[in-house]
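J.: structure for the following, please:
(one chain, ligands or ions: 1)
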Amino acid sequence: METSTAERPEEEVAASSFTKSLLLGEIHEEMVFPWPEPDAGEQQRVRELCARARAIGERIDHREVEEERWIGDDVIRELGDAGLCGLYVDERYGGQGLSQTGYARVFETFAQIDGTLSIILGVHQSIGYKGIVLFGSDEQKDRFLPDLVAGRKLAGFALTEPMAGSDAHNLQSRAVRQPDGSWVLNGEKRYIGNGSKGDVFTAFARAEVDGTDRHIALILEKGMEGFEVGERFDTMGLRGNDLRQLRFSDVRVPAENVLGEPGDGFRIAMSVLNNGRIGLGTGTVGAAKKLIDLTIDHVTERRQFGQPLADFELVEEKVGWMTSYLFGLESMAYLTCGLVDRGVEDYSLESAVCKVAGTEFLWYAANRSLQLAGGEGYMKDRPWEKILRNIRIFPIFEGANDVMRAFIALSAMKPVGERLSGLDQIGLGDPIGSIGLLVDYAASRVKREVRPERITPAHPELERHADAVADQVKDLAAATESLIRRHKKDVMLRQLDQKRLADAIADVYAQVAVLSRVSSIFTDIGFEPAGQERYIADTFCSRAAARVRGRLAQIENNDDERILAIAKLAYKRGEYGYALFD
Ligand SMILES: Cc1cc2nc3c(=O)[nH]c(=O)nc-3n(C[C@H](O)[C@H](O)[C@H](O)COP(=O)(O)OP(=O)(O)OC[C@H]3O[C@@H](n4cnc5c(N)ncnc54)[C@H](O)[C@@H]3O)c2cc1C
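T.: Now for the predicted structure:
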């Protein structure tokens, strides 16, 4: 006999991660229902901030930004004056005090205006000074936040190095503690956004702490002796982003600029990136909305074969796909913001899922949109070419999607591995490069108290999909268990199965998000008036369920060995090299 959420004692319903619990076969519905929404006051503030962002955006000549390769110091100050450089920061430091949801909504608007604008502001607040907000002391917040929030200073995030990209744990910069408590930093960073424009950088280095080789997070300030901003990178897109090399030669960093505890650097970097990935996920929502608008304008105006392009089935299919997929993605991104706002401890998987799904959807959507624009889409004076150049980096930075998929699958598997009796020796947390370490970092023990087998708060009209999701959760849990039993520790090496699992997790999570959102729409405006949302939810959930079934089936039945063997043969040949007319 099931008990409803309301009947369960508070401590019984708590779980640390919604998605990790899914692979244990548990649906912690209390974390995702009701659909999260900021209060009316915050919604109004968000509307005002979006309007201010649009007004500033209209005055920016985006082609000039590409040519000048900078948005303009005056624009940064203007954004600061408009309250757009400190959206989630407490009002005490001059910020807007928005929730994660409110922040994401304004961020979407930046992405709709222009990729470069959203990257500069994203580097600044999503990752640049986020560490100070999350881990800074009161003194550090007082010292740095007011100027950063006002746009008088810009922030950057310096993690990547020539030998440490995806494998960020392997960074080589080193900080050595001095007798007076300060640190001396040496090393080099590359691909650092807001490079020569930044005044404050959260930087990461190796450091010996209590005799162990660990990481440290340091707040670097422009002008510190030995801190040199190097060459600018000439990039394919986001050309207004000042991407630089940074070099540190005996930079003395005072003890009061250490962020958090020495030794906690990697955890700090990963926490900041977790947060940044949500911003990227919701940013892709904004960019995709713009693409859909562009596409609709074009296909409804342009006529061929005596009719608007819009009326051809293959055109409708593309627009229908974009719209319904975006509805799912948007739901997932904002459900994740809601998890943060509800104080859920661990949203590392959900933010990674939003980043991977969002950035790939945006790329495929842009490709389809350009296809429909025809030759016009290829012209430099039309928006598509810049959009395509700008967004290509999204699936690579803030965690390459291949690495993120492994991270999602392995983090979700870890609690399952721990649960399986007699398989303790699997040791899924053992590091394999930084992915294992990423998993270790994120795999806080999942609390397990309840096992609802259905999604009870979904609106009765959505029961068919709610039941289907519950079945998929069972299948997901069974597939995970079977993978771990079959491959034991080697499951860490099976990236193709990890990808299938990660994509299935994303699709289950997206369906839950759509059910939560549409249930709340039905409650708010009634079932009949919400006909379009119902139609989209039906379509999205049916398609996502089919993808989940397909991916889980491929775990059992695939030609992985063949395709991997072909790659190994290609490596051996050192070229394609198959003779034709030779
Ligand atoms: C425009 C731009 C802005 C950036 N901004 C910043 C910034 O502000 N701060 C900062 O610190 N960094 C920044 N970066 C760096 C960015 O985060 C890295 O480029 C990214 O992490 C990938 O590292 P890498 O380039 O060394 O690629 P690599 O780590 O060499 O990876 C290359 C590819 O190999 C594959 N791959 C790698 N590892 C695995 C694996 N374990 N399993 C399967 N496949 C794998 C993936 O397909 C990956 O895309 C920026 C980069 C660019 C281009």
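J.: tell me which element residue 284 falls in.
T.: Using DSSP states H and E, the element containing residue 284 is helix 265-301.
J.: which is the next helix or strand following that helix?
T.: With DSSP H and E, the next secondary element past helix 265-301 is strand 303-304.
J.: which elements pack onto the next helix or strand after that next one?
T.: Using DSSP H and E, the helix or strand that follows strand 303-304 in sequence is strand 307-308. If you count contacts as 3 or more CB pairs under 8 Å, 6 or more residues apart in numbering; DSSP states H and E, strand 307-308 packs onto helix 265-301. To be clear about C-beta, it is placed using only N, CA and C from the backbone, and glycine gets the same treatment.
J.: ok now the helix it packs on, how far from the chain's centre?
T.: On the basis of CA atoms, centre = their mean, to the nearest Å, helix 265-301 sits 8 Å off its chain's mean C-alpha point.
J.: that helix vs the ligand: in contact?
T.: No. Helix 265-301 lies out of reach of the ligand by CB under 6 Å from any ligand atom, never closer than 8.7 Å.
J.: ok, the residue in the stretch 1-150 of the chain that the ligand sits nearest to - how many residues close by?
T.: Nearest to the ligand, among the residues of the stretch 1-150 of the chain, is residue 123, at 5.1 Å (CB to the nearest ligand atom). Look at residue 123: counted by other CB atoms under 10 Å, it has 25 neighbours.
J.: now stretch 74-87: buried residues?
T.: 75, 76, 78, 79, 80, 82, 83, 84, 85, 86, 87 (16 or more other CB atoms under 10 Å).
J.: buried residues in the host helix or strand of residue 323?
T.: Secondary structure from DSSP H and E places residue 323 in helix 313-341. Residues 315, 318-319, 321-341 are the ones in helix 313-341 that count as buried (16+ other CB under 10 Å).
J.: ok, now stretch 132-147?
T.: 132, 133, 135, 136, 140, 141, 143, 144, 145, 146, 147.
J.: switch those residues over to a markdown table; also include secondary structure and distance to residue 311.
T.: Shown next, in a markdown table, are the buried residues of stretch 132-147 (DSSP: H, G, I helix; E, B strand; the rest coil; distance: CB to CB, whole Å):
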| residue | secondary structure | distance to residue 311 |
| --- | --- | --- |
| 132 | helix | 54 |
| 133 | helix | 51 |
| 135 | helix | 55 |
| 136 | coil | 57 |
| 140 | helix | 59 |
| 141 | helix | 57 |
| 143 | helix | 61 |
| 144 | helix | 56 |
| 145 | helix | 54 |
| 146 | helix | 56 |
| 147 | helix | 55 |
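J.: what sits against residue 299?
T.: Residue 299 is in contact with 308, 309, 310, 315, 319, 372, counting by CB atoms under 8 Å, 6 or more residues apart in numbering.
J.: try it again with 6 Å
T.: Contact analysis of residue 299 by CB atoms under 6 Å, 6 or more residues apart in numbering lists 309, 310, 315, 372.
J.: on that earlier part again, helices and strands around the helix holding residue 323, which ones?
T.: helix 100-113, helix 265-301, helix 348-373, helix 495-525, helix 531-556 (3 or more CB pairs under 6 Å, 6 or more residues apart in numbering; DSSP states H and E).
J.: pretty sure the residue of the stretch 1-150 of the chain closest to the ligand is touching residue 195, no?
T.: No. Under the criterion of CB atoms under 6 Å, residue 123 is not in contact with residue 195, lying 9.6 Å apart.
J.: distance check, residue 374 against the ligand.
T.: Per CB to the nearest ligand atom, to the nearest Å, residue 374 is found 29 Å from the ligand.
J.: ok, how many other residues are close to that residue?
T.: 12.
J.: quick one: it and residue 47, what's the gap?
T.: Distance of residue 374 to residue 47, given as CB to CB, to the nearest Å: 36 Å.
J.: got it, and residue 75?
T.: Taking CB to CB, one finds residue 75 at 22 Å from residue 47.
J.: now do residue 499
T.: The value you get for residue 499 to residue 47, if CB to CB is used, is 39 Å.
J.: need the residues of the stretch 301-450 of the chain near the ligand, please.
T.: Residues of the stretch 301-450 of the chain lying near the ligand (CB under 6 Å from any ligand atom): 393, 396, 397, 400, 402, 403, 406, 435.
J.: just send those residues back as TSV, with distance to residue 380 and neighbour count too.
T.: Formatted as TSV, these follow (distance: CB to CB, whole Å; neighbours: other CB atoms under 10 Å):
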residue	distance to residue 380	neighbour count
393	19	19
396	24	14
397	25	18
400	29	14
402	31	17
403	33	21
406	38	26
435	40	23
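J.: can you get me a residue count around the spatially closest residue to residue 303 that is not a sequence neighbour?
T.: Excluding the flanking residues, the one nearest residue 303 by CB to CB, 6 or more residues apart in numbering is residue 309, at 7.2 Å. Using other CB under 10 Å, residue 309 has 20 neighbouring residues.
J.: got the contact list for the residue positioned nearest the centre of the chain?
T.: Residue closest to the average C-alpha location in the chain (CA atoms, centre = their mean): residue 277, at 2.5 Å. Taking CB under 6 Å, 6+ apart, we find residue 277 in contact with 351, 352, 355, 398.
J.: residue 229 now?
T.: Here residue 229 is in contact with 195, 196, 244 (CB under 6 Å, 6+ apart).
J.: same thing but at 8 Å, please
T.: So residue 229 contacts 195, 196, 244, 245, 246, 247 (CB under 8 Å, 6+ apart).
J.: domains of the chain?
T.: Annotated domains of the chain cover 5-27+435-567, 156-265 [automatic domain parsing].
J.: looking at those domains, which is closest to residue 383?
T.: Across the domains of the chain, residue 383 has its closest neighbour in domain 156-265 (12.6 Å, CB to CB).
J.: can you tell me which of the contacts of residue 299 lies closest to the ligand?
T.: For the contacts of residue 299, the nearest to the ligand is residue 372 (27.2 Å; CB to the nearest ligand atom).
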